[in-house]
Every structure is written in structure tokens, then in C-alpha cells.
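1. pasting the sequence and the predicted coordinates here, then a few questions.
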Amino acid sequence: MDVATAFIQLDLLDVLYLLMVGFVGGLVSGFIGSGGAFVLTPAMMSMGVPGIVAVASNMCHKFPKALVGAIKRARYGQVDVKLGLVLGVSAEAGVLYGAHLQESIRRAFGDAGSNLYVSLAFVVVLALVGGYVLWDAVRAYRSGTTQAEEPVSRLARRIQAINIPYTMMYFRSLDAKVSVLFTIPLGLATGMLAATIAVGGFIGVPGMHYLLGTPSLMASATELVIAFVMGVGGTIKYGWSGLVDIRLAMIILAGSLFGIQLGAIGTTYVKPHMIKVVMGTIMVLVLVSRALVIPVYLSELELIAPLGGGTAKALSGLSLGIMVFALATGAFIILSALRKGMRAQREAQAVVAPALAAMPRPSVAAQALPQLSPLGRFERFLVASDGSEYSAGAVRETLRLAKRCGARVRAVTFVAGDLEHEGLGEQALKRELDAARVHLDQVAAQAIAAGVDCETEVVQGISVHDRIVEESERVRADLIVVGRRGRRGLARMMIGDATLKLIGSAHCSVLVVPRAAEVRGRRFVVASDGSRFGDSAAVAAGSLAKLCETPVTVVSVAVPSHADARRKEAPAVVERIVRALASDGIVAQGDVLDGPAADMIVSAAVEKNADLIIMGSHGRTGIERLILGSNTERVLNRTSCAVLVVKAA
């Protein structure tokens, strides 16, 4: 078949339809994080584009966006580049084989065979994925676990435990080694699906999450690296055969660039389960649209009795109508959520504005004073929030502690001010700044309700941790509070590595709060190895315990690998700190633990039902430097309660 026959004629209505398709595809991609391209292939097929051309053009439009998205999310520590490239190698092999299979089917059975193959793949995949997404959203809503911490699957833990010599590779998103043999079939399946329907993320993202143990946020971000690798190879492969319609790719890309911005803003106004509802609803509608035309393709291939011209035309028209309805439904739900959220926020701003105006502001001279070394002082808190659900715990506990300590709060959120955003234009940057201010107004409203003095500010820059440290020094903060995503790998912090660098660079203590953690003052666990960092932690623990009227458990760990003389110091360290705390009127007890330091500290917190672990930024081993001590970092990674990291004087 002549390649030219694969390209349809485009009139004005077709161009407008493609722009709408691209807009909704971008809207969905921005809203659900990744995977919005699943709308595009069937939408192009509904207007008469052969299935293989729709897939090829979709892949061509997608890979530039994947590259930009991967770079952006990598700056926030969400991308495991190594894992993405390793999976990308086998995924590319899957794309090349899948593209070869597509071309073979088209040569053997024509466009009808290619359309049937792509449509059947969509029906099967969307039935499985869309059905599960809707079920999971309903289950989470009914059980009230829409904000619950995501666990690492049992299967992922088993795979991580399998040690196959000469094949093990460490991936930081997993904080574990995994045999590359497990990544090969996952990559091949992802690539095969991408070559079939232009969206491999339906396998890649859940595969990384449930099979390898990658946190879902990092899985969706790392999939962008895989999508770029697959997109480049797939575009070259299909383009070499003359199957990429660059007109379709560019028109859709133009529409999606606008839609993706609105979709991303919409996520700030809805709960996570609503994102799943949107995704599942569109998937099911697209499934129905594709299923309706399967009899038409079967009839063209003479696999069933021929359909009358009117019947085939009616089914094709109904399929197109349902596809348009699916696109309109997705756009309506997302834009409605955006409009409703913006209206509610304007109302909240109207309530908050008079109270904010009445708050006293520190003078410029006072802000310029150099920061002291506030080990035992809890008077000025700086909370850094990115507006996500993961920062909600940091904001909540900042206000709770500030209320008990009589402290003032300064809430900041970060907007990147770099060349990438300048390239997106002033309007895109303005939208991000507006969204940041909206979030800070919400924080200010919470502070007013809690009876806490609170100032807010949007900070801009290239380096997140540097700007937050600068801001903390400018306002002479005694404590910086940040959120934490989960309990694994780089996703354990608000913004991954940036939070680790923040703790290392800060001149004051840093409180790291998982989203579900609560510091109610049940009991504090303070860990010390007798170093000056451990003593600093004890001083801070004493001050905070008095303010919160909280009992303290002092622990020191006798690590098996240490020399006997060093191990014998642990009881003396505990006794000295307990005696000092008791003399200050604090209820204190001590325990000497034996085993790996981080594991013992985390276990002690669980056993004592503590809601806060307090420890120094470094221990006696290793070199004092602008990164965390290994035990402190391990505790941050493994515990589910808040951790106060105290910097030595």
C-alpha cells in the first residue's frame, strides 16, 4: 500500500478537532501526572487516521514533552535517571519489535488489520487499567484512606531480597539493589505496549511501583525518561517507514502545551482519589468508543458477516461521538474542579486578607541581624511547603508546635526562577506564582484559626535548599520544618536530595515530618553517642520537652562493630544525659541498645510509642561535612514519625 494513502486530508474542522484532542490530552497529562497520551491515539483513529499512523504520530509528539518533563522533575529529585535508562534499554528493544509487528500486520492485513490490532489492545488494556483505577478510587474513598502512606508491596520486597550474582544494581529510588534481570521483562513489556498504543506507562509505572518498589511519585517521573528513550527510537523506526504524520504530531503538541499547564494547576484543588476518578472515567469511555468499531474492522477483514453500509457508518459515527464525549467529560471535570477551587480560594483570601494586614511585620533591620546558634530556643519557625499533600503534615505540626511553644511562624513556598521557566513565558511563571500565593493564603488561614502569628512569602531561585537556608538566616529562624514523601529512597523528602542538602547546610535545627506523623507530645526519644552532636540533641530535647511537658527516653547504641572501650561508654552517656534532664525537672529514662544504630533508634521509638526522634546531624564516626551522618540519614529514611535533626553549636 502506498505510504501516501496513510495520511488523511485535513480541513479546518479537522485541525480544530486535533487542537481540542491535544488540549484535552495535555489537560489529562497535567492532571494525572503522566499517561494522558492514551486519549490521543484512539481520538486520531476516530477521525479516520490508520491505527499505525496514529501510534507513530503520537510517539513523535510525546517524546519532546517527555524530555522537558523529565528534566524539570529531575531538578526536584523525583527522577531516578539510572533506573529510567536501564529500563529504557530493554524498552527500546520492545518498541523496535512491537513496531516491526505492527508493520507486519499492516502489510498482511492492510489498515483494517492494523486498526483491529490497535483497537483490541486498547480495549484489553483500558478495561484492566481503567477498571482497577476506578475500583481503587472508590475503595480509597469509602475506606477513608485517600491520604494514607503508600506501602511497599510484598512482591517488591521479595524481588529486592533475591540476590543473583553479577546482575545486582543499586537504584537510589528503591534504596536497594535489584537484579537487572527483573528489569528486562518489565522494559520489554513497556516498549511493546508503547509500540502498540503509544502509551507504555500503563505497564511501566505500576511495574516500577509494585514489582520493584519505586514510590509512585518517582515511578511516574522516571517513566518520562523511559518515554523519551522509547519515543526517539519509535519515531525513527516508524519515520523510516514513512508512517509518522508530522502534521498530526505538531498540531496535537500545540494544543497539549496549553492543556498541560491548566491540568497541573487543577491538581492543587482536588484530592488524590478524584484524580483517579477522572483517569478511570475517561479510560472507560475511550474503551467503549474503540469497542464499537471492532465489528467494523472484523467485517472489513471478512472475519464476520459483512455489515451493511448504514450499520458500519452508524457504529463509526457513534464511536466518534463517544470519543468526543470522553474528551469533553474529562475537560469538564478538570476545569470544574479548577474553577471551584479558584472560587473557594478567592473567598478564603477575602477572609484572610484583613487578618494578614493586621499582623506586625519584622523590621528590615531586625531581619538583617546574623543568626545565632539556637540549640535550646524555639521562638521562630520557618516551614517550607510545596503545596502538596506531603507538605500538609509539616504545616500542621509547625502550627501545633508553635502554639505550644509560643513561637512565630514564617511559611515559604518555592517557585523555580530559572531559564526553563523563562522559556515557558511570563504567563506560565505568573500562574505558578499565583498558585504559590494561593497556597500560602491557605496556610495563613490555618494559622489564624490556630491562634499562631504567621507570615508568608514566595521565594524564587534555582537551588531550593540554598534559598530556604538563606531565608532561615534572614529571619533568624530557630527551626526549619519540611515534609517527607514516604519511607523509601529519594522520595522520602519533600523534594528528595534537596532536603538532605538543606539539613546539611542549615545553621539551625531541622524538623522532618512525614505527612501522617503527629507530634502530640506523648514521648520524645533522644539518641546520643556522646559526641558534641549528641549533646546538642540532648540540649534541644530538654528545652522542647519542658515546653511541651513531654517525657523523654534517652538511648545510646552499642554497635557490635565498635571496639569494647567504645561500647562501654554507652551506659555512661545515657546516665549523664538522664541526670541532666532530671535536674531540669524533666521526666526522663534511659536505655542502652545493642545492634545497628539506626534500626535500634527506630525500634525504640516504636516500642516507646514516641512521636518524635531527636538526634544530632552527625555522630562520632565519619567526617564532619555538609551532608548528613549516615545513621541520621538512615533514621530519616526508615521511621514513620517526625525527626528533629539538631545542628551542633
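-> Noted; the coordinates are in hand.

2. quick check, Q460 in a strand?
-> Yes - assessed with DSSP: H, G, I helix; E, B strand; the rest coil, Q460 lies in a strand.

3. could I get the contacting residues of A176?
-> Neighbouring residues of A176 by CB atoms under 8 Å, 6 or more residues apart in numbering: Q160, Y170, G213. Where C-beta positions appear, they are placed from N, C-alpha and C, glycine not excepted.

4. ranking by neighbours, what's the top pick from those?
-> With neighbours taken as other CB atoms under 10 Å, the top of the contacts of A176 is G213, carrying 25 neighbours.

5. how about that residue: what's its closest non-neighbour residue?
-> A156 (3.4 Å; CB to CB, 6 or more residues apart in numbering).

6. just checking, that neighbour touches P215?
-> No - A156 lies out of contact with P215 (CB atoms under 8 Å); the separation is 10.7 Å.

7. more neighbours: which of those two?
-> P215 (25 against 22).

8. burial of V526, as a residue count?
-> If we define neighbours as other CB under 10 Å, then V526 has 32 of them.

9. sec struct for A411, please.
-> A411 ends up strand, using three-state DSSP.

10. ok, longest helix in the protein?
-> Looking across the chain with DSSP state H, the single longest helix is helix 81-143.

11. element containing G483, please.
-> If you go by DSSP states H and E, G483 is part of strand 479-484.

12. no wait, V512
-> Using DSSP H and E, V512 falls in strand 509-514.

13. for the helix or strand that that strand is followed by, packing partners?
-> Taking DSSP H and E as the definition, the helix or strand that follows strand 509-514 towards the C-terminus is strand 524-527. With contacts taken as 3 or more CB pairs under 8 Å, 6 or more residues apart in numbering; DSSP states H and E, strand 524-527 sits against helix 532-548, strand 552-558, helix 597-607, strand 612-616.

14. hmm, 10 Å instead?
-> Judged by 3 or more CB pairs under 10 Å, 6 or more residues apart in numbering; DSSP states H and E, the packing partners of strand 524-527 are helix 532-548, strand 552-558, helix 564-583, strand 588-594, helix 597-607, strand 612-616, helix 630-638, strand 642-646.

15. average pLDDT across the longest one?
-> The one in question is helix 564-583. Summarised as a single mean, pLDDT over helix 564-583 is 84.

16. repeat for the second one
-> In this model, strand 552-558 carries a mean pLDDT of 90.

17. strand partners (parallel or antiparallel) of it?
-> strand 524-527 (parallel), strand 588-594 (parallel) (DSSP bridges).

18. and these, which is most packed in?
-> Stretch with highest mean neighbour count among the strands paired with strand 552-558: strand 524-527 (a mean of 29; mean count of other CB atoms under 10 Å).

19. what are the ranges of the strands in the stretch 151-300 of the chain?
-> With strands called from DSSP state E, counting those that start in this stretch, the stretch 151-300 of the chain shows them at 168-171, 176-179.

20. including distance to Y238 and mean pLDDT, could those strands go into CSV?
-> Formatted as CSV, the strands of the stretch 151-300 of the chain follow (distance: least, CB to CB, whole Å; pLDDT from 0 to 100):
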stretch, distance to Y238, mean pLDDT
strand 168-171, 31, 89
strand 176-179, 32, 88
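
21. quick one: which of those is nearest G239?
-> strand 168-171 (32.2 Å; CB to CB).

22. any idea how far the closest one is from the middle of the chain?
-> 22 Å (CA atoms, centre = their mean, to the nearest Å).

23. now it: buried residues?
-> F171 (16 or more other CB atoms under 10 Å).

24. any idea which helix or strand comes after the helix or strand bottoming out on mean pLDDT in the chain?
-> Lowest on mean pLDDT, DSSP states H and E among the helices and strands of the chain sits helix 364-367, with a mean of 36. Sequence-wise, the next helix or strand downstream of helix 364-367 (DSSP H and E) is strand 380-384.

25. okay, that next one in CSV with CA atoms only?
-> Extracted in CSV, the C-alpha atoms of strand 380-384 (Å, rounded to 0.1, in the frame of the first residue of the first chain):
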residue,chain,number,x,y,z
ARG,A,380,10.9,31.4,65.3
PHE,A,381,9.8,28.6,63.0
LEU,A,382,10.3,28.5,59.2
VAL,A,383,8.1,26.0,57.4
ALA,A,384,8.8,25.2,53.8
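
26. strand partners of it, parallel vs antiparallel please.
-> In its sheet, and by DSSP bridges, strand 380-384 pairs with strand 408-416 (parallel), strand 479-484 (parallel).

27. most packed of these?
-> Highest mean neighbour count among these (mean count of other CB under 10 Å): strand 479-484, a mean of 28.
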